[in-house]
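Student: No letters, just coordinates:
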Ligand SMILES: [Fe+2]
Ligand SMILES: [Fe+2]
């Protein structure tokens, strides 16, 4: 992202994490950039200033490999600026004031068409739901980190988007988008919520129950917002002291949701109890059997499965089949009936492949 206003652009760079790692370059430093393969170049520069246009032209000449998509953000959409953008070789032009989900969606399309593919209608809808959910989650996580009240309206938007994405059936498509995300907290949240939404759909839940389950998934780890990211995302194993800090997140999340007072009991319980196991070996309370609700049991399954298939620098992700086997191997810790139902959620592709192979 080449910009002549670094401060403002940092916020933009944060939402760009949705499509992978990004970096912000001050227009005045741009000439020092070297040519390297970039997936996409963005500029947020005042094109009404002649010297800025010249500096941008020089910067692009410096860093842009032919064929790299370039989205030019416009401060004003006069014919003159549009012409400037075209002369600069923009492959896309967008008003800088466009809503963030629109911007993210546009970038998603440009990244994809650079690979020579176009989205079909269903994928395009999925991508819009994904962008919308991520932006809303950003509002939620920022509020949680700052100790402010959680924005209920934003949470509703993300829940609705995730459920509508689940209606498109394709969990694989959702996962592909999730893996792009450069922020591990969002990634986990979107992953568990996508799994929960697919699970609720698979079980034929009515809309209200689907909302509840997806919302519980979105909020299950909200307590982690109070834990330093250096500990949370530390590669490799944690010291006992660090582990006990991380293990405080169910209680922290529970207190946060309880104190706000506007969340359904099931949702508050999920934040508190999603690390409990039916055999009493979980934490923080060591609850057992019917002390643990069905909603909690479902999110626990989604959460563990998500952790197994997640991609981290320090561990290889598990394939769906192996991850599911691992859940089965946990025996009495998880609900056997729910786990059986979960199979169709995560292994439907495998089942289809097997069917196709035997045919
Ligand atoms: Fe957790
Ligand atoms: Fe989690």
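Tutor: Good, I have the coordinates. Note that the coordinates shown come from a computational prediction; the quantities given were computed from them, not determined experimentally. Ligands and ions are numbered 1, 2, ... in the order given.
Student: Could you tell me the phi and psi values at residue 72?
Tutor: Torsion angles at residue 72 (phi, psi; degrees, to the nearest 10) stand at phi -100, psi 120.
Student: What about it, how many residues nearby?
Tutor: By other Cβ atoms under 10 Å, the residues close to residue 72 number 26. Every residue, glycine included, has its C-beta placed from N, CA and C.
Student: Give me the contacts around the longest helix along the chain.
Tutor: Secondary structure of the chain per DSSP state H: the longest helix is helix 121-145. The contact list for helix 121-145 (Cβ atoms under 8 Å, 6 or more residues apart in numbering) reads 14-15, 18, 100-101, 104-105, 108-109, 119, 149-151, 154-155, 157-158, 161-162, 164-165, 168, 170, 173-174, 177, 181, 185-186, 189-190, 193, 218, 222, 225-226, 256.
Student: of these, buried ones?
Tutor: Among those, the ones that count as buried by 16 or more other Cβ atoms under 10 Å are 15, 18, 100-101, 104-105, 108-109, 119, 150-151, 154-155, 157-158, 161-162, 164-165, 170, 173-174, 177, 181, 185-186, 189-190, 193, 218, 222, 225-226, 256.
Student: Output the set of residues of this protein in proximity to ligand 2.
Tutor: Selection of the chain residues close to ligand 2 by Cβ under 5 Å from the ion yields 221, 303.
Student: Low-confidence bits of the chain, can you list those?
Tutor: Along the chain, the parts satisfying pLDDT under 70 run over 31-35, 169, 349-359.
Student: Show me where it has its strands.
Tutor: Using DSSP state E, the strands of the chain run over 2-3, 25-26, 41-44, 70-74, 92-95.
Student: could I get those strands as a markdown table with distance to residue 328?
Tutor: Listed next are these as a markdown table, based on distance: least, Cβ to Cβ, whole Å:
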| stretch | distance to residue 328 |
| --- | --- |
| strand 2-3 | 50 |
| strand 25-26 | 49 |
| strand 41-44 | 45 |
| strand 70-74 | 46 |
| strand 92-95 | 47 |
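Student: To residue 81, which of the ones you listed lies closest?
Tutor: Judged by Cβ to Cβ, the one of the strands of the chain that comes nearest to residue 81 is strand 70-74, at 5.5 Å.
Student: Which parts of the stretch 1-150 of the chain are helices?
Tutor: Secondary structure of the stretch 1-150 of the chain by DSSP state H, counting those that start in this stretch: the helices cover 6-16, 50-63, 79-87, 100-114, 121-145.
Student: What are the buried residues along the shortest one?
Tutor: Which is helix 79-87. For helix 79-87, burial by neighbour count (16+ other Cβ under 10 Å) applies to 81-82, 84-85.
Student: So residue 24 sits against residue 13, correct?
Tutor: Yes - under the contact definition of Cβ atoms under 8 Å, residue 24 touches residue 13, with a separation of 4.9 Å.
Student: residue in the stretch 101-250 of the chain nearest to ligand 2?
Tutor: residue 221 (4.2 Å; Cβ to the ion).
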